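A.B. asks: based on what follows, work out the 3D shape:
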Amino acid sequence: MGPVDIAELLILLVGSLAVTGFARAWGLPAPLLVTAVALGVSFIPGLPHIEIDSEVILTVVLPPLLYSAALDVSWQSFRGSIKQIRRLGVFLVIVTALAVGLAAYLIIPDMTWPAAILLGAIVAPPDAVSAAAIGRKLGLPRRVMTVLSGESLINDAASLTLVRVFTLIIAGTSLTIWQDLGIFGLAIGVGLVVGGVLGVVVHWIRMRINDPVVETIMSILLPFVAYILAEELSGSGVIAVVTAGLYIGYNSPKEGYATRLQERPLWTSVDVILEGFVFALIGLQLSTVVQDLVESERSLGQTLTAAAVVLAVVIVVRPLFIFESYARNRLHGRFIRPLRIRASRGHRSLRWIRGSAEPKLNWRELTVISWTGMRGVVTLAAAASVIDNPIEIPAQDTIVVIAFIVTVGTLLLQGLTLPLVIRALKVQDPAEDDQDRRSEMLLNQRTTVAAIELLDRRRPDWAERYGHQAVDSVVARLKARLERQAETFRQDAEEEETEERNAPARLRGTQIQDIRRELLDRRREIVLEEREKGNLDEEVMRRVLVTLDAEELAMDSAQASRSRS
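C.D. replies: Numbering: from 1, shown residues only. Predicted coordinates:
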């Protein structure tokens, strides 16, 4: 990363982590606060300048962030919303690049058409890090979170491929439309194959070695291997990483529980460190951008005007595209396509087509999605690649300045107001938590009943193998415990249904969890008090605490799974 030494890098990491910790403690959006603090710090006299190396961002920072996000995405939800995700992740990127390119070409004097589209491709992909964090905190519905997360997984690939194509054109390579499409197709195809093959191989190995440490190390290396290998084969490293992450995430329940318990906090920590690092880098570039503006031969007012126009285009194009394309696709799915099917296959196909339509989103949810256009990691890296590129790019300094202003502008403008938009439109869905909790109880009841049935079915085999007396005693004890659990789950589900029918107002799932946490905290206090009085052996205390911790871990895991789905 340029001339940065180890001490400066550590200071940057520690500083961004400290600000992130403060933001998380006070319930603030960490990416925005890190960026704002770094913006202020960038003007401190004598501060070393930290240069951004695009290769470091793309090969070291981006792959683990994408892989971690892909692990948390529900494949079923992703597949169900694939039409919306594809429109936003591919077609919106292209439309934004063209719209920005047209505006830049018209208002910047020495801007060529390929360079203008290159600028559009750089600022086209939103970064869903801050949007997803805000959405989870404020309880956005799962269908909205799925669209946002899915878009962020594939829009980077579309953007970086566009950057690659128009960089070739600027360098003098003459490409036809079919050659452009061939580059896109090759990037996607190679990315899918590389990611899929690596995901299958890694999962196959992890299923057989039964070593959580080695399995976790393989998971850490996988995104880097997938990205670099796909890029070396002229494919999309982003698609390769996302494909591998989706495959591993979908199949992780088949692997050992120890690996899952070990990987979850690991990837959460990696996300926190890398996200803070990237947004700190974004903020620290402000002083450099200001200096470049002052020293540039180009008019300061002209550059700022161009940046303001591009920022406006980026913000406006997204809601226009989202509302128009959603309405058009809903209309097509409801009327035009069924009429065609009815004419050729009969009335039964009409129900099938309607049943396969994409999930519905109301205008409030579409508005929130429209306002989650904050730019971040990929825009930063793509802009840095313009600086690092050996070829002469028209209006290069202007492209970099505009990309930075758009990134910071969207982060501060949309990021700071997104919570207000979500609250004002009341997009939260508290009932989703209650539905998840009831489903969880019913599932627990079913698994417990299935375990009881297995005990009864396997008792003769175990008795023949281990001895009747010993097996009968153990099976009776286990069966009694499972029956008590099944009865508890059944009663809890019935109480939930009764409360829902009779209670005028009900506590939200998060409020119930707050009460349960207070109870757990009080039980821990009693354990420590007994230890301090000398009434409890240290070893016994640890075993009791493990039980209490496991109960809280189960609550946290359930809440995290609901938030990330």
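A.B. asks: next, the buried residues of stretch 89-99.
C.D. replies: By 16 or more other Cβ atoms under 10 Å, the buried positions in stretch 89-99 come out as 89-90, 92-99. Yep, even glycine has a C-beta here, placed from its N, CA and C like the rest.
A.B. asks: list of residues touching that stretch?
C.D. replies: 117, 120-121, 123-125, 150-155, 157-159, 162, 313-314, 317-318, 321-322, 325 (Cβ atoms under 8 Å, 6 or more residues apart in numbering).
A.B. asks: try it again with 6 Å
C.D. replies: With contact meaning Cβ atoms under 6 Å, 6 or more residues apart in numbering, stretch 89-99 is reached by 117, 120-121, 124-125, 151, 154-155, 158-159, 162, 313, 317, 321.
A.B. asks: chain center to it: distance?
C.D. replies: 20 Å (Cα atoms, centre = their mean, to the nearest Å).
A.B. asks: which members of the buried residues of stretch 89-99 occur in helices, if any?
C.D. replies: Within the buried residues of stretch 89-99, residues falling in helices by DSSP state H are 92-99.
A.B. asks: quick check, nearest of these to Gln179?
C.D. replies: Minimum distance to Gln179 across those is 16.3 Å, recorded for Ile94 (Cβ to Cβ).
A.B. asks: distance-wise, check the closest one relative to Ala124.
C.D. replies: According to Cβ to Cβ, to the nearest Å, Ile94 and Ala124 sit 8 Å apart.
A.B. asks: so where does the closest residue to Ala121 other than its chain neighbours fall, helix or strand?
C.D. replies: Once flanking residues are discounted, Ala121 sits nearest to Leu162: 3.6 Å by Cβ to Cβ, 6 or more residues apart in numbering. Here Leu162 sits within helix 142-170, counting by DSSP states H and E.
A.B. asks: check Pro504 and give its pLDDT.
C.D. replies: Pro504 carries a pLDDT value of 50.
A.B. asks: nope, Ala550 is what I meant
C.D. replies: For Ala550, pLDDT reads 74.
A.B. asks: count of neighbours near it?
C.D. replies: Look at Ala550: counted by other Cβ atoms under 10 Å, it has 9 neighbours.
A.B. asks: roughly how far apart are it and Gly120?
C.D. replies: With Cβ to Cβ as the criterion, Ala550 and Gly120 are 51 Å apart.
A.B. asks: equivalent analysis for Ala306, please.
C.D. replies: Taking Cβ to Cβ, one finds Ala306 at 13 Å from Gly120.
A.B. asks: counting neighbours, go ahead and name the busier of these two.
C.D. replies: Gly120 (30 against 25).
A.B. asks: let me see the mean pLDDT of the helix or strand containing the more buried one.
C.D. replies: Assigned by DSSP H and E, Gly120 falls within helix 113-123. Here helix 113-123 scores 95 as its mean pLDDT.
A.B. asks: same for that helix, what does it pack against?
C.D. replies: Applying 3 or more Cβ pairs under 6 Å, 6 or more residues apart in numbering; DSSP states H and E, we find helix 113-123 packed against helix 92-107, helix 142-170, helix 377-388, helix 396-425.
A.B. asks: give me the contacts around stretch 15-26.
C.D. replies: 30, 33-34, 37, 272, 276-277, 280.
A.B. asks: could those residues go into TSV alongside secondary structure, pLDDT and distance to Glu215?
C.D. replies: Listed next are those as TSV, based on DSSP: H, G, I helix; E, B strand; the rest coil; pLDDT from 0 to 100; distance: Cβ to Cβ, whole Å:
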residue	secondary structure	pLDDT	distance to Glu215
Ala30	helix	83	29
Leu33	helix	88	35
Val34	helix	90	32
Val37	helix	92	37
Val272	helix	89	22
Gly276	helix	89	27
Phe277	helix	89	26
Ala280	helix	89	32
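A.B. asks: let's have these in a markdown table, adding distance to Ser74.
C.D. replies: Listed next are these as a markdown table, based on distance: Cβ to Cβ, whole Å:
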| residue | distance to Ser74 |
| --- | --- |
| Ala30 | 24 |
| Leu33 | 29 |
| Val34 | 28 |
| Val37 | 34 |
| Val272 | 22 |
| Gly276 | 26 |
| Phe277 | 28 |
| Ala280 | 31 |
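A.B. asks: by neighbours, which of the residues you listed wins?
C.D. replies: Counting by other Cβ under 10 Å, top hit in the contacts of stretch 15-26: Val34 with 29 neighbours.
A.B. asks: wait, that one sits on Leu274?
C.D. replies: No: using Cβ atoms under 6 Å as the test, Val34 is too far from Leu274 to be in contact (11.7 Å).
A.B. asks: now Leu416: closest residue in space, sequence neighbours ignored.
C.D. replies: Leu32 (6.2 Å).
A.B. asks: got the phi and psi for the one you found?
C.D. replies: phi -70, psi -40 (degrees, to the nearest 10).
A.B. asks: for it, grab the count of nearby residues.
C.D. replies: Other residues close to Leu32 by other Cβ under 10 Å number 21.
A.B. asks: likewise Val214?
C.D. replies: Neighbour number of Val214 under other Cβ under 10 Å is 13.
A.B. asks: what's the mean pLDDT across stretch 15-22?
C.D. replies: 92.
A.B. asks: now do the buried residues in that stretch.
C.D. replies: For stretch 15-22, by 16+ other Cβ under 10 Å, it's 15-17, 19-20.
A.B. asks: can you check stretch 280-294 too?
C.D. replies: 280-289, 292-293.
A.B. asks: for the helix or strand where Leu65 lies, name the packing helices and strands.
C.D. replies: Element membership of Leu65 [criterion: DSSP H and E] is helix 62-72. Contacts defined by 3+ Cβ pairs under 6 Å, 6+ apart place helix 62-72 against helix 212-232, helix 237-251, helix 257-284.
A.B. asks: show me what the longest one is packed against.
C.D. replies: What that stands for is helix 257-284. So helix 257-284, by 3+ Cβ pairs under 6 Å, 6+ apart, packs with helix 6-25, helix 30-41, helix 62-72, helix 212-232.
A.B. asks: tabulate the CA atom coordinates of the longest one in CSV.
C.D. replies: C-alpha atoms of helix 212-232 as CSV (Å, rounded to 0.1, in the frame of the first residue of the first chain):
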residue,chain,number,x,y,z
PRO,A,212,-12.1,-27.4,13.1
VAL,A,213,-8.8,-25.5,13.1
VAL,A,214,-7.7,-26.7,9.6
GLU,A,215,-11.3,-26.3,8.3
THR,A,216,-11.3,-22.7,9.5
ILE,A,217,-8.0,-22.0,7.9
MET,A,218,-9.3,-23.4,4.6
SER,A,219,-12.3,-21.1,4.9
ILE,A,220,-9.9,-18.1,5.4
LEU,A,221,-7.9,-18.9,2.3
LEU,A,222,-10.8,-19.8,0.0
PRO,A,223,-11.9,-16.2,-0.9
PHE,A,224,-8.3,-15.2,-1.8
VAL,A,225,-7.7,-18.3,-3.9
ALA,A,226,-11.0,-18.0,-5.6
TYR,A,227,-10.5,-14.3,-6.5
ILE,A,228,-6.9,-14.6,-7.7
LEU,A,229,-7.5,-17.8,-9.7
ALA,A,230,-10.6,-16.4,-11.4
GLU,A,231,-8.8,-13.1,-12.3
GLU,A,232,-5.8,-15.0,-13.7
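A.B. asks: my guess is Ala463 contacts Gln469. True?
C.D. replies: No: counting by Cβ under 6 Å, Gln469 is not a contact partner of Ala463; they are 8.7 Å apart.
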